[in-house]
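**Student:** I need the structure of the sequence given here:
(one chain, ligands or ions: 1)
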Amino acid sequence: MAQLERNAVVTQKVEVAPGLFIMRIAPVGWQLPPFKPGQFAVLGLPASAPRHPLCDLEEPPDQADAVIRRSYTIASSSREGEYFEVYLTVVRSGSLSPRLAMLEVGERLWLGPKVSGLFTFDEVPKTVDLVMIATGTGLAPYMSMLRSTLDEPDDRRLAVVHGARHSWDLGYRGELLTMERLRPKLTYLPVVSRPTEEPVPWTGEVGYVQDMWRRRVLDARWGHRPGPADTRVFLCGHPGMIDAMVKILEGDGFREHTRLVPGQIHYEKYW
Ligand SMILES: Cc1cc2nc3c(=O)[nH]c(=O)nc-3n(C[C@H](O)[C@H](O)[C@H](O)COP(=O)(O)OP(=O)(O)OC[C@H]3O[C@@H](n4cnc5c(N)ncnc54)[C@H](O)[C@@H]3O)c2cc1C
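**Tutor:** Sure thing, here's the model as predicted:
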């Protein structure tokens, strides 16, 4: 098999929590393609690259130069041409994420020259409110969307609902709190599912993101019940959360959006 061209370099690596990273990746000697917030790029490393020591052991690969590639949503602004930022969680039993986690600033990897994905905000009229719900690293597309449009006039209500196990797993929390102050119509609702493990009592929302919807927490913040006539809902991350949310939303009259049949629910399952 042909050698993998390591055509990109890590320019920043921030460990948000154990096994949770924000990484910036810049192309070496070529230009990043334009992209729309919500789209993803493909990262790759050879099977011979080292794995994180805390991850599960793996059978030795048949071919050391076999290439492992996976998709990662771009979290950076679409106006940023220097690097792609990704928000990455390490799957202990996984193939690529334990290897990506070993990369340090200055180390090389493969970055696909194309971006793809239909989980964008393109087909959403500017007149409807937007609820963006994520678990874990499913926050990435919303960071890109908010960062890309920060200085654009926007009169609709926006909500980011982010679920994680612990408060320390809530990546981008500081940036989102700052955005919330700058953007009066943005509501940021972090939710933790294991509040008893917090070192300082967690005074925010607890449970899963779907519990928040059922408890009508956003309705109280917005002063009305978001409904299909005036709201689009985006769901990203854990497939279990997405299935549960789609069911709940359908009960509230929302329908899945497809290119052929417009609806109000958009989603991206990470696996
Ligand atoms: C369109 C798209 C965008 C994605 N964007 C991101 C992103 O921005 N950040 C990110 O961390 N991952 C993202 N993923 C998931 C990513 O592509 C990989 O699947 C993930 O990093 C695991 O790869 P792996 O080779 O280590 O594990 P694999 O050997 O591929 O094992 C996959 C298994 O790991 C589990 N898994 C996969 N992703 C996750 C996850 N995020 N959290 C917990 N368990 C998981 C599932 O059980 C899955 O069956 C995205 C996936 C898709 C399809």
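
**Student:** Which residues are in contact with the residue in the stretch 101-250 of the chain positioned nearest to the ligand?
**Tutor:** Closest contact between the stretch 101-250 of the chain and the ligand, by C-beta to the nearest ligand atom, is at residue 137 (3.7 Å). From N, CA and C alone the C-beta is placed, and that goes for glycine too. Shown in contact with residue 137 (C-beta atoms under 8 Å, 6 or more residues apart in numbering): 20, 73, 87-89, 171, 237, 270.

**Student:** ok, now with 6 Å
**Tutor:** Contacts for residue 137 (C-beta atoms under 6 Å, 6 or more residues apart in numbering) come out as 87, 89.

**Student:** before we move on, what about the one 3 residues further on?
**Tutor:** Residues in contact with residue 140 (C-beta under 6 Å, 6+ apart) are 73, 75, 87.

**Student:** I'd like the residues you listed as TSV, with secondary structure and neighbour count appended.
**Tutor:** Shown next, in TSV, are those (DSSP: H, G, I helix; E, B strand; the rest coil; neighbours: other C-beta atoms under 10 Å):
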residue	secondary structure	neighbour count
73	strand	29
75	coil	25
87	strand	26
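
**Student:** out of those, who's nearest the ligand?
**Tutor:** residue 73 (3.8 Å).

**Student:** So in terms of bridging, what pairs with that closest one?
**Tutor:** According to DSSP bridges, the residues that bridge with residue 73 are residue 40.

**Student:** same thing with residue 135?
**Tutor:** residue 163.

**Student:** right, and it touches residue 163 too?
**Tutor:** Yes - with contact defined as C-beta atoms under 6 Å, residue 135 counts as touching residue 163 (4.6 Å).

**Student:** For residue 269, which non-adjacent residue is closest in space?
**Tutor:** Distance criterion C-beta to C-beta, 6 or more residues apart in numbering; nearest residue to residue 269, sequence neighbours excluded, is residue 239 at 4.3 Å.

**Student:** My understanding was that that neighbour contacts residue 268; is that so?
**Tutor:** No - the pair residue 239 and residue 268 does not pass the contact test of C-beta under 6 Å, sitting 9.9 Å apart.

**Student:** out of these two, which sits in the more crowded spot?
**Tutor:** residue 268 (22 against 14; other C-beta atoms under 10 Å).

**Student:** and the closest residue to the ligand within the chain, how many neighbours?
**Tutor:** Among the residues of the chain, residue 94 lies nearest to the ligand; the distance is 2.1 Å by C-beta to the nearest ligand atom. Residue 94 has 20 neighbouring residues, counting by other C-beta under 10 Å.
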